[in-house]
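J.: Compute the structure for the input listed below.
(chains A, B, C and D)
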4 protein chains.
Amino acid sequence: MKGETVKLGDLLLLASPEGKEFLVAADERPFGTHMGNLNLRDIIGAPWGTTVTTHIGKELYVLKPSLNDLIRHIRRQTQIIFPKDVGFILVKLNIGPGGSVIECGTGSGGLTLALAWLVGPDGMVVSYERDEAFSQLARQNLQRVGLESRVTFKVRDARGGFDERGMDAVFLDLRSPWEYLEQAYQALAGGRTLGILVPTTNQVSRVLGSLEDAGFVYPEVCEILLRYYKPNAERLRPQDRMVAHTGYLIFARKALKGGSNG
Amino acid sequence: MKGETVKLGDLLLLASPEGKEFLVAADERPFGTHMGNLNLRDIIGAPWGTTVTTHIGKELYVLKPSLNDLIRHIRRQTQIIFPKDVGFILVKLNIGPGGSVIECGTGSGGLTLALAWLVGPDGMVVSYERDEAFSQLARQNLQRVGLESRVTFKVRDARGGFDERGMDAVFLDLRSPWEYLEQAYQALAGGRTLGILVPTTNQVSRVLGSLEDAGFVYPEVCEILLRYYKPNAERLRPQDRMVAHTGYLIFARKALKGGSNG
Amino acid sequence: MKGETVKLGDLLLLASPEGKEFLVAADERPFGTHMGNLNLRDIIGAPWGTTVTTHIGKELYVLKPSLNDLIRHIRRQTQIIFPKDVGFILVKLNIGPGGSVIECGTGSGGLTLALAWLVGPDGMVVSYERDEAFSQLARQNLQRVGLESRVTFKVRDARGGFDERGMDAVFLDLRSPWEYLEQAYQALAGGRTLGILVPTTNQVSRVLGSLEDAGFVYPEVCEILLRYYKPNAERLRPQDRMVAHTGYLIFARKALKGGSNG
Amino acid sequence: MKGETVKLGDLLLLASPEGKEFLVAADERPFGTHMGNLNLRDIIGAPWGTTVTTHIGKELYVLKPSLNDLIRHIRRQTQIIFPKDVGFILVKLNIGPGGSVIECGTGSGGLTLALAWLVGPDGMVVSYERDEAFSQLARQNLQRVGLESRVTFKVRDARGGFDERGMDAVFLDLRSPWEYLEQAYQALAGGRTLGILVPTTNQVSRVLGSLEDAGFVYPEVCEILLRYYKPNAERLRPQDRMVAHTGYLIFARKALKGGSNG
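T.: Below you'll find the model as predicted:
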């Protein structure tokens, strides 16, 4: 049966019962953690879901990493987009197999990874970033999960415009998105959705004040709160603390300018 | 350029500036709303994003429906899963192109639609439902969006077990998920994720009390809150009211029973 | 024992098991509701907590109104402050027996009522409002609960300054609080707390930008969310919908200007 | 003018611009912090709101502690009730000047302090606690703020019943409140409100299942979320993290048993 055993090069999520996690590839050899050492090569051929034991007797589950795991364990130099936001962005921007999407503000590549995973082998992701170091890091993060070939990385400020036209979606994750709205408009196919993430209310106001002039309609602003519970059947209650804020999400649609039809 | 004009049969989201929405196919003809009538055939060949005008002068944008729109406009006889939850489920269950997933509790087919869209033409969705009427409705909803062929609908209670093995993900959306945990375990590939949605804390406790015996590890319980803002640049503030609860999400991983490896 | 039976003039909260509520005084006579008629006079002398029956057989509990009830049932022409916010304001502004407080923006008198109740017979509430009609309404609302004598209502715009000095607390509930900060500073005793309620983020930013110049330090901004659950032991879950926003609360302390001591 | 200068024995909140806080009395002498030393005696006679400087040049505001400050700075051996919950409890339980209230589960005395402050010199607080050490600590905490004389501390388990009758309010803050419902009923005046705080959903269910049998009607369950913002005018946004849970609040009213009146 497909995918039932670990193969050379597979990414593994090694997770202890207490919640320690390590994302590693099955081709690296001795793997040392504060929970003891493992010989990763020995896991090749083992069934997914098996339990391995370190040299000091600590147990680790061998789990198949989900998109959620891959995003959380990305190597980062920037704030990354949280999975709670990624999920909603995907649903709002209509990202799916065969789709085409521009991301502006590659950062460490967390959203890039999600987009690449979801557009599939027939899709197309173009990711703009003006900081060469970030773009490099994102490329490495995508390489690690084997999705690099689905992404075109462009190292430049897109204020001068995107090269693409007729795209299914555009997402802006940078400090002054109001400077990129007309460029996004040019790149998007009609009736499709633009998405934006910004951390402050001042930025939200500034984007809202510019959307209509740039040709966007149907603006929406929202935020997503994710609250975890302690998974205890007899003493069920929320965790004591939670992430209170990652960013505000803004969505709008490209309407054609210049008059109605019909 | 692909997808730039409306074709016969395309689904349209007709949206008024004030937020009224209609999801229709471009092959239906006279379309009557309380905002006036339209001849949908006239829209065929028009560019996406255009604005059409009803016979009484009301304007409607011709938008490309997103997955979010399709889920919200599904014909329903049951409570549907909200897009905020769908997005997070996709990210946690690792649903993507070529994937295989079982859903138990088809309901009106809202999540089914999302799963079918995301696994793409090479993926596989199996959806169990014991109520024939619901399954029929879901099938129609999938037909309408052209994704029916990606789903195998099974009309029966899955308490006796699922037919599939080695699946990438299983999702349970029914009243007593604790009765289906061992069946889900059998169907899942090792190390993969089970997802569950239940509305009450009592159900969460009951599921948590049964997960470990069924072979699942790494349990997580959470809820997602989505808060919309009034999109007014000068007077930015949250909407007055919001959806306070849809359900609790539970996730756990299939660990292999019986001893460690390594 | 004190307060064990209803006396002439007492305010009653008549509440049906299904949650219908009526706030009435025990001196009014025939009281008609869509649940039938009652003779309120008959309740005089009855014990608090008793159940009365309307002429069509509907039962109503005779409850002692709490501050929460009094605020919710105020006669209003404006948005009132919600009890969730009132409670936190009281704790932050240090409102208690014998205290002195200025409120600017009387509105319908919801907060005025709470302040008057809490400062007690030895305290002092001064409430400014430039709209005569609102001030009148608030006065009537306070009369109804017998707390009018604790409040000095002033009908004028306080932009020209408050008459009082050395107050324990000042609360601003009006559209442009940034125009009243210096006046609040003059009226407050040193080291005490100013409170402000505004609905939009733009107003919050504007207040924050003016606090320091006006002599206030230690600014805090917060919002309070109150989420109700369905009180069902076997099916415990949050209500489907909730109030998502009433306003942002801002607090700051009066520091003395011009140099340190010690 | 009253309260304008610091007197011997006054409690001070010394607060640095960066948010460090110290709650001290003005009769202690050399006061050492990691921000340097102060001679507290020198502050006596200074105006509230002044700024003092430590021997290494750090500035501290001399603020009048609010109820919020007193609760947060209590000496504790137990989880204390948060000010956000205290405020709402006060409003729901109708705590005010001259009132009478039983608290069961004194803990460190955080709520006791709030109750004593609000009932004023003519009110009455009775606080039950079976752990002698906690009761002692609470007594010390009340002494420190000069409110000890308003509280009767009783060191015993109240399962055998409360001594008081006709009380305005009862609040239960202990592990198994369902064992104290009938006792609370006996102690409360008719039509008044019982309040309960519990951390888990299992406890909420258990309380809800017992309220009606004990004679309580009109049950309500809620939780309060408090979200702070970074007080930056140009970059307004919520804090990154927040307290996600303190406890669930349950309220119900005492209805008289045995038949209706009227």
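
J.: contacts and neighbour counts: CA atoms only from here.
T.: Will do.

J.: Compute the first-to-last residue distance for stretch A:175-186.
T.: 20 Å (CA to CA, to the nearest Å).

J.: tally of neighbours for the residue of the stretch 1-150 of chain A found nearest chain D?
T.: Closest contact between the stretch 1-150 of chain A and chain D, by CA to the nearest CA, is at residue A:79 (11.9 Å). Residue A:79: 10 surrounding residues under other CA atoms under 10 Å in any protein chain shown.

J.: Also residue A:78?
T.: 12.

J.: thought it was touching residue A:110?
T.: No. At 9.9 Å, residue A:78 does not count as touching residue A:110 under the criterion of CA atoms under 8 Å.

J.: before we move on, the earlier item: and the pLDDT at the residue of the stretch 1-150 of chain A closest to chain D?
T.: The model reports residue A:79 with a pLDDT of 86.

J.: Thought residue A:45 was touching residue A:4, still the case?
T.: No. Counting by CA under 8 Å, residue A:4 stays clear of residue A:45, with 9.0 Å between them.

J.: Looking at those two now, which is surrounded by more residues?
T.: The neighbour comparison of residue A:4 against residue A:45 (other CA under 10 Å) goes to residue A:4, with 19 against 13.

J.: still on that earlier bit, pretty sure the residue of the stretch 1-150 of chain A closest to chain D sits in a helix.
T.: No. With DSSP: H, G, I helix; E, B strand; the rest coil as the criterion, residue A:79 is assigned coil and is not in a helix.

J.: Please name the residues that touch it.
T.: The contact partners of residue A:79, by CA atoms under 8 Å, 6 or more residues apart in numbering or on different chains, come to A:107, A:108.

J.: count of neighbours near residue A:257?
T.: Neighbours around residue A:257, by other CA under 10 Å: 12.

J.: Go ahead and report the secondary structure state at it.
T.: Residue A:257 is classified as coil under three-state DSSP.

J.: That one against residue A:215, yeah?
T.: Yes. With contact defined as CA under 8 Å, residue A:257 reaches residue A:215; the gap is 6.4 Å.

J.: any idea of the pLDDT on the closest residue to residue A:154 other than its chain neighbours?
T.: Excluding its sequence neighbours, the residue lying closest to residue A:154 (CA to CA, 6 or more residues apart in numbering or on different chains) is residue A:128, at 4.8 Å. What the model reports as pLDDT for residue A:128 is 98.

J.: same deal with residue A:258?
T.: 65.

J.: Also residue A:261?
T.: 47.

J.: what do you get for residue A:145?
T.: 94.

J.: Write down the beta-bridge partners of the residue lying closest to it once chain neighbours are set aside, one by one.
T.: In space, and not counting its chain neighbours, residue A:145 is closest to residue A:11: 7.2 Å by CA to CA, 6+ apart. Here residue A:11 sits in beta bridges with residue A:25, as judged by DSSP bridges.

J.: which residues sit in contact with residue A:11?
T.: A:23, A:24, A:25, A:26, A:64, A:65, A:145.

J.: Would you mind confirming that residue A:233 makes contact with residue B:204?
T.: Yes. The criterion here is CA under 8 Å, and residue A:233 meets it with residue B:204 at 7.4 Å.

J.: What's the local residue count around residue A:135?
T.: Neighbour number of residue A:135 under other CA under 10 Å is 23.

J.: Verify the stated contact: it with residue A:108.
T.: Yes. Counting by CA under 8 Å, residue A:108 is a contact partner of residue A:135 at 7.2 Å.

J.: max-length strand in chain A?
T.: Secondary structure of chain A read by DSSP state E shows that its longest strand is strand A:216-230.

J.: just checking, residue A:114 is part of a strand?
T.: No. Residue A:114 is assigned helix when assessed by three-state DSSP, not a strand.

J.: residues near it, how many?
T.: 23.

J.: Pull the contacting residues for it.
T.: A:67, A:71, A:86.

J.: can you put those residues in a markdown table and add neighbour count, secondary structure and distance to chain D?
T.: Listed next are the contacts of residue A:114 as a markdown table, based on neighbours: other CA atoms under 10 Å in any protein chain shown; DSSP: H, G, I helix; E, B strand; the rest coil; distance: CA to the nearest CA, whole Å:
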| residue | neighbour count | secondary structure | distance to chain D |
| --- | --- | --- | --- |
| A:67 | 24 | helix | 23 |
| A:71 | 24 | helix | 19 |
| A:86 | 22 | helix | 18 |
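
J.: closest to residue A:178 among those?
T.: residue A:86 (21.2 Å; CA to CA).

J.: what's the nearest residue to the residue of chain A found nearest chain C if we skip its chain neighbours?
T.: Closest approach between chain A and chain C, counting by CA to the nearest CA: residue A:201, at 6.7 Å. By the measure of CA to CA, 6+ apart, the closest residue to residue A:201 outside its immediate chain neighbours is residue D:236, 5.6 Å from it.

J.: residue contacts, the one you found?
T.: A:200, A:201, A:202, C:201, C:205, D:229, D:230.

J.: Now render those as TSV, adding neighbour count and distance to residue B:225.
T.: TSV is the format used below for these (neighbours: other CA atoms under 10 Å in any protein chain shown; distance: CA to CA, whole Å):
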residue	neighbour count	distance to residue B:225
A:200	21	19
A:201	24	19
A:202	21	22
C:201	24	20
C:205	19	25
D:229	21	18
D:230	16	21
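
J.: Mind checking which of the residues you listed land in strands?
T.: Per DSSP E, the contacts of residue D:236 map to strands at D:229, D:230.

J.: tell me which of the contacts of residue D:236 is nearest to chain B?
T.: For the contacts of residue D:236, the nearest to chain B is residue C:201 (5.6 Å; CA to the nearest CA).

J.: so what pLDDT did that closest one get?
T.: pLDDT, residue C:201: 98.

J.: what does the stretch 101-250 of chain A have sitting close to chain D?
T.: Neighbours of chain D within the stretch 101-250 of chain A, by CA under 8 Å from any CA of the partner chain: A:199-203, A:227, A:234-246.

J.: Buried among these? Make that a ChimeraX selection.
T.: To isolate in ChimeraX the members of those that are buried, counting by 16 or more other CA atoms under 10 Å in any protein chain shown, one can use:
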select /A:199,200,201,202,203,227,236,237,238,239,242,244,245,246
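
J.: how close does the residue nearest to residue A:145 get to residue B:251?
T.: Counting by CA to CA, the gap from residue A:11 to residue B:251 is 20 Å.

J.: Please apply the same query to residue A:72.
T.: Distance from residue A:72 to residue B:251, by CA to CA: 16 Å.

J.: Looking at those two, which is more packed in?
T.: Neighbour totals were compared for residue A:72 and residue B:251, and residue B:251 leads with 22 against 16 (other CA under 10 Å).

J.: Quick one: list the elements packing against whichever helix or strand residue A:84 is part of.
T.: Element membership for residue A:84, per DSSP states H and E: helix A:83-93. Packed against helix A:83-93 by the contact rule (3 or more CA pairs under 8 Å, 6 or more residues apart in numbering or on different chains; DSSP states H and E) you find helix A:67-72, helix A:110-119, strand A:167-172, strand A:188-198, strand A:216-230, helix B:67-72, helix B:83-93.

J.: how about the CA coordinates for that helix, as CSV?
T.: C-alpha atoms of helix A:83-93 as CSV (Å, rounded to 0.1, in the frame of the first residue of the first chain):
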residue,chain,number,x,y,z
PRO,A,83,-1.4,27.9,10.0
LYS,A,84,-4.7,29.3,11.3
ASP,A,85,-4.3,32.2,8.8
VAL,A,86,-2.9,30.0,6.0
GLY,A,87,-6.0,27.8,6.1
PHE,A,88,-8.4,30.7,5.8
ILE,A,89,-6.3,32.4,3.1
LEU,A,90,-6.4,29.2,1.0
VAL,A,91,-10.2,29.0,1.2
LYS,A,92,-10.7,32.7,0.5
LEU,A,93,-8.2,32.9,-2.4
